[in-house]
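> could you work out the structure for the sequence below:
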Amino acid sequence: QVTLVESGGGLVQAGGSQRLSCAASGRTFSTYAMGWFRQAPGKERELVATIDWSGGRSDYADSVRGRFTISRNSGESTVYLQMNSLKPEDTARYYCAADLQGGHGPHHWDYWGQGTQVTVSP
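I've put the predicted structure just below:
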């Protein structure tokens, strides 16, 4: 069992930056791929970024590539999402996820946090 707790959401103006954190507890953090997803009202949950167990490989949605950066600190069992040049369309609830393998779709991920709201004002 893995427990995930997100933090760092809030209100930010367009063009600003925000960093989300996800603290993991439970099974060995370093063996899990980690991901960030987001879901806006009335829309499906979508992948934002993933990072493999080693931290050596990361993938991003086209909509955030070049603006967002995912990273992990295995010593602290924490994964981060640095978000720069935020846009109003980035407004959503952001969820942290963990899985031994991961994948593009939410159904590939076994463990989820409760999410943190990010709101970007124009």
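> show me what the residue nearest in space to the middle of the chain is bridged to.
To find the centre residue of the chain, average its C-alpha atoms and take the closest one (Cα atoms, centre = their mean): that gives Trp36, at 2.2 Å. In this entry, Trp36 is beta-bridged to Ala49, Cys96, by DSSP bridges.
> helices and strands around the helix or strand harbouring Ala23, which ones?
Secondary-structure element containing Ala23, defined by DSSP states H and E: strand 18-26. Under the contact criterion of 3 or more Cβ pairs under 8 Å, 6 or more residues apart in numbering; DSSP states H and E, strand 18-26 touches strand 2-7, strand 33-39, strand 78-83, strand 92-99, strand 116-121. (Each C-beta comes from the backbone N, C-alpha and C, glycine too.)
> partners of the first one in the sheet?
Looking back up the chat, that one is strand 2-7. Sheet neighbours of strand 2-7, with direction, are listed as strand 18-26 (antiparallel) (DSSP bridges).
> next, the buried residues of the partner strand.
18, 20-24 (16 or more other Cβ atoms under 10 Å).
> again with stretch 95-110
Of the residues in stretch 95-110, those scored as buried under the neighbour-count criterion (16+ other Cβ under 10 Å) are 95-99, 102, 106, 109.
> Throw those into TSV and include pLDDT, thanks.
Compiled in TSV, the buried residues of stretch 95-110 are given as follows (pLDDT from 0 to 100):
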residue	pLDDT
Tyr95	98
Cys96	97
Ala97	97
Ala98	95
Asp99	94
Gly102	84
Pro106	89
Trp109	95
